[in-house]
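Novice: What follows is a predicted structure for the sequence shown.
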Amino acid sequence: MSYSDLIHRYFEGELEGEEYLESALFNELHTNPEARQDFRDMLQIRSLCQEDMVSITTPSECTTTVFAQLGFQIPSAAQQSAAVAATAVRFAGLRRMASYLLTAALASAFTAAAFLYMQPDDANEFSSAGSAPAEELSSNRRIELDEMPTAPENVPPVVYSYSEESVADGTAQHAFRQNAQAAAGTTTAADGGQTGTVEHTDDNGAAPVTAQRQAPLLGDASMPASAVFGQNTEAAAQDAQTESLIETISSAAALDGKLPAGAAAVQDGNAPRGFAIAGIDLSMLENKRIRVSFRRISSNSSFATDVVESPSGNTFLLDNAIGVSYQFDDYNAFGVEFGQEIYGQEFATEYRGLPGVPMQQRPALYWIGVNHRYDLNAFLELPDDLKLFEQTLLGAHNAGSGAFTGGMVRAMFGAEYTVMRSLTLSAALEFSGISYSTAVSAMEFSYNTGFTYGISYKF
Amino acid sequence: MKRKYSQHTDLELFNTLKENTHVSELAFGELYARYNQRIYAYCLRVTGNPDEARDIFQDTFLKFYKSAKSDREVSNVPGYLLTIARNLCLNFKRDRKDTVAFEDYHKSYRNDGSYEKKEYLELIRSALELLDKDHREAFILREYQGMSYAEISDVTGVSVSALKNRVWRAKEKIKKILSRYVAEVSKL
């Protein structure tokens, strides 16, 4: 019996129970490339017929005509069937959207639950390296600051010392501005800056000069001290001549130890930078809160044997992902990530009642989504350089050159090591799941578990 | 408690058609909902002409209803519907001759390798039209409608072995027609 006969009989289901013939076919498929091609051709013909069948819809006018000629009302069942049939193709996109929405809703619920249950009480303040310990920065303290209109009188001043270097590069001036800002409390960017009472001495032991000073928001770290301190203060004249400054902020004294992270950080000359452009406070960009990440994705399929072959088509970002995120506080970051994966798969599946039909495919998967990252150090005592984290992403994917779209959920659990102040390396276990529609099924799911590793840089 | 019509069997609904009540109207609606797509798909693929398919489809259900009223005994409702549709198709096609040549057909398609899925579907539809009507019918009933050879035999009156042979030949011919394209399809 020729392999062509065997293939025909296999697709007719006539080899069931005929183990000898079945193994003969499989041997032929294993050794004969022409037989394999023949088998694939038959499979494709069946697949196309099936897709063609489900793509056919009864025209709605046919339904109307039939029922009108019989003098019948179109019942809901027939109407619905006709309507569904007529709109099945038209609304294929919406059907795919439905699967996306369902997946997105599930992912959102998961992320929200994780966020709500895992967030500690003291996670509302962001602290940077070298700043006050997180446990000192509770949300209550922020309220306390806002509600304190004036500082108590007769409190000994606190001296903030700035290094020569910090004065030279403008960091000291910004540190002053941060202190003044904390002292003024409620001043906004629209006011043009903050005002604080400042005692200013030089290192020659001269009597301190006290002045009301305005710390403008406009400017950057290179702004000269005179511009920061204001043109009409006595101190401004001294600033230009003094190499080392000692700033005393009287009104901020009572806030010592209660200042937010930025103000506390100035005590060691490690003041954060502040920006405001055209009256818009962009202080949210402070403190390396923006993270750009690049990572390698494992694209092994859970359902198939990987096929090793060189990728075809667009290899940009092949099995990689890039992302941008913003760190909202010590533990929570939100961002966007985009990735591409290509799977080389070989698997056996049941096809039209025939078990073990071998198939092979290389779907390219593009995906994009929003993610939430949570640092688990809130619960763990770990060195500052090492963090454990979990990250969830929900989004949409496109696979098979536009043939399939749907929702996507990704979740990872891993560790991150800070190599330098801004540079981190990470590795994690990752789970990903996608939903998609096919011509014969409105909702299919596929999932994948793998290993991912990458690098990120904080700005 | 009354069952919904969707819970009734085909034969129960078919027997209800004989009644002269509003119930028969509802039963017809349910049977129509169950089988309209299959019947229309059969008509469309066998005739290859949407206009003819529409006419045949409408006539099929009208005849079906009238025959139900005439106390006809039926054991397989979808098979009976297909039998009516088949006979109407034969009548429509009796004087028609297929004129699409294999080479002409291929000329109408691009040969630059950039085929889309819908084009492949169009290809197989057109390939069907190149089949002899007996082979095409057997192939459609088997591959599109998913019927067993015994069921197809009941509808067509052709022996199972002859039907197997027709389906086989139809597949081989379609494979030959599509051979230059299926390699592309497999890359999707």
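Specialist: In hand now; what should we look at?
Novice: contacts, neighbours, all on C-alpha from now
Specialist: Will do.
Novice: so where's the stretch 251-400 of chain A shaky on pLDDT?
Specialist: Residue ranges of the stretch 251-400 of chain A with pLDDT under 70: A:251-287, A:299-317, A:343-363, A:400.
Novice: at 50 instead, please
Specialist: Applying pLDDT under 50 to the stretch 251-400 of chain A picks out residues A:251-284, A:309-314.
Novice: Can you name every helix or strand that the helix or strand where A:Tyr10 lies contacts?
Specialist: Assigned by DSSP states H and E, A:Tyr10 belongs to helix A:3-11. Contact analysis of helix A:3-11 by 3 or more C-alpha pairs under 8 Å, 6 or more residues apart in numbering or on different chains; DSSP states H and E lists helix A:19-31, helix A:33-55 as its packing neighbours.
Novice: Downstream of the longest one, the next helix or strand is which one?
Specialist: The reference is to helix A:33-55. Next along the chain from helix A:33-55, counting by DSSP H and E, comes helix A:60-70.
Novice: does any bit of that following helix sit next to chain B?
Specialist: Yes: Helix A:60-70 is in contact with chain B by C-alpha under 8 Å from any C-alpha of the partner chain, via A:Cys62, A:Thr63, A:Thr65, A:Val66, A:Gln69, A:Leu70.
Novice: can you give me the mean pLDDT across the helix holding A:Tyr10?
Specialist: The pLDDT scores in helix A:3-11 average 84.
Novice: got the buried residues for that helix?
Specialist: Neighbour-count burial for helix A:3-11 flags A:Tyr3, A:Leu6, A:Ile7, A:His8, A:Arg9, A:Tyr10, A:Phe11 (criterion: 16 or more other C-alpha atoms under 10 Å in any protein chain shown).
Novice: Would you check how far apart the first one and chain B are?
Specialist: Relative to chain B, A:Tyr3 is positioned 13 Å away (criterion: C-alpha to the nearest C-alpha, to the nearest Å).
Novice: Does that residue touch A:Asn27 like I think?
Specialist: No: with contacts counted by C-alpha atoms under 8 Å, A:Tyr3 stays clear of A:Asn27, the gap being 9.9 Å.
Novice: tell me the domain boundaries of the chain?
Specialist: In the absence of a named chain, this looks at chain A. Domain segmentation of chain A under automatic domain parsing yields A:3-55, A:96-121+A:289-458, A:134-283.
Novice: oops, I was thinking of chain B
Specialist: What automatic domain parsing lists as the domains of chain B is B:8-93, B:102-185.
Novice: so which of those domains is the most packed in?
Specialist: Compared across the domains of chain B, domain B:8-93 shows the largest average neighbour count, a mean of 19 (mean count of other C-alpha atoms under 10 Å in any protein chain shown).
Novice: Centre of the chain to it, how far?
Specialist: On the basis of C-alpha atoms, centre = their mean, to the nearest Å, domain B:8-93 sits 12 Å off its chain's mean C-alpha point.
Novice: tell me the average confidence for it?
Specialist: The average pLDDT within domain B:8-93 is 86.
Novice: again, but for stretch A:448-457
Specialist: The average pLDDT within stretch A:448-457 is 88.
Novice: that older thread, is it possible to get TSV of the domains of chain B that adds distance to chain A?
Specialist: Output for the domains of chain B, formatted as TSV (distance: least, C-alpha to the nearest C-alpha, whole Å):
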stretch	distance to chain A
domain B:8-93	4
domain B:102-185	6
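Novice: Turn those into JSON lines, columns for distance to A:Tyr457.
Specialist: Formatted as JSON lines, the domains of chain B follow (distance: least, C-alpha to C-alpha, whole Å):
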{"stretch": "domain B:8-93", "distance to A:Tyr457": "57"}
{"stretch": "domain B:102-185", "distance to A:Tyr457": "41"}
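Novice: which stretch among these comes nearest A:Gln340?
Specialist: Proximity to A:Gln340 (C-alpha to C-alpha) singles out domain B:102-185 among these, at 21.9 Å.
Novice: Just the pLDDT at residue 96, thanks.
Specialist: Just so you know, I chose chain A. pLDDT, A:Arg96: 50.
Novice: Actually, chain B is the one I wanted.
Specialist: At B:Arg96, the pLDDT value in this model is 59.
Novice: swap in A:Glu416?
Specialist: Listed pLDDT for A:Glu416 reads 92.
Novice: CA-only coordinates of the helix or strand containing it in CSV, if you can.
Specialist: Using DSSP H and E, A:Glu416 sits within strand A:404-418. Taking Å, rounded to 0.1, in the frame of the first residue of the first chain, the C-alpha atoms of strand A:404-418 are listed here in CSV:
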residue,chain,number,x,y,z
PHE,A,404,-5.0,36.2,16.0
THR,A,405,-5.4,38.9,18.6
GLY,A,406,-6.5,38.8,22.2
GLY,A,407,-5.6,39.6,25.7
MET,A,408,-2.4,38.8,27.5
VAL,A,409,-1.4,38.3,31.1
ARG,A,410,2.2,38.1,32.3
ALA,A,411,3.4,37.6,35.8
MET,A,412,6.9,37.2,37.1
PHE,A,413,8.6,36.7,40.4
GLY,A,414,12.3,37.4,40.6
ALA,A,415,15.3,39.1,42.1
GLU,A,416,17.1,42.3,41.2
TYR,A,417,20.6,43.3,42.0
THR,A,418,21.8,46.9,41.9
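Novice: On the C-terminal side of that strand, identify the next helix or strand.
Specialist: Past strand A:404-418, the next helix or strand by DSSP H and E is strand A:423-436.
Novice: For that next one, give the mean pLDDT please.
Specialist: pLDDT averaged over strand A:423-436 gives 87.
Novice: Strand A:404-418 and that strand, what's the angle between them?
Specialist: On the basis of axes from the mean of the first three to the mean of the last three C-alpha atoms, to 10 degrees, strand A:423-436 is oriented at 160 degrees to strand A:404-418.
Novice: strands paired with strand A:423-436, and their directions?
Specialist: Strand A:423-436 has these partner strands in its sheet, going by DSSP bridges: strand A:404-418 (antiparallel), strand A:444-458 (antiparallel).
Novice: what's the distance between the residue nearest the centre of chain B and A:Gln44?
Specialist: Nearest residue to the geometric centre of chain B (C-alpha atoms, centre = their mean): B:Tyr42, 1.7 Å. In this view, B:Tyr42 and A:Gln44 are 20 Å apart by C-alpha to C-alpha, to the nearest Å.
Novice: do the same with B:Arg45
Specialist: 18 Å.
Novice: got it, and B:Ala41?
Specialist: B:Ala41 is 20 Å from A:Gln44, by C-alpha to C-alpha.
Novice: Distance to B:Val167 for the residues of helix A:60-70 next to chain B - can I get that in JSON lines?
Specialist: Converted to JSON lines, these look like this (distance: C-alpha to C-alpha, whole Å):
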{"residue": "A:Cys62", "distance to B:Val167": "30"}
{"residue": "A:Thr63", "distance to B:Val167": "32"}
{"residue": "A:Thr65", "distance to B:Val167": "34"}
{"residue": "A:Val66", "distance to B:Val167": "33"}
{"residue": "A:Gln69", "distance to B:Val167": "37"}
{"residue": "A:Leu70", "distance to B:Val167": "37"}
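Novice: Thank you, goodbye.
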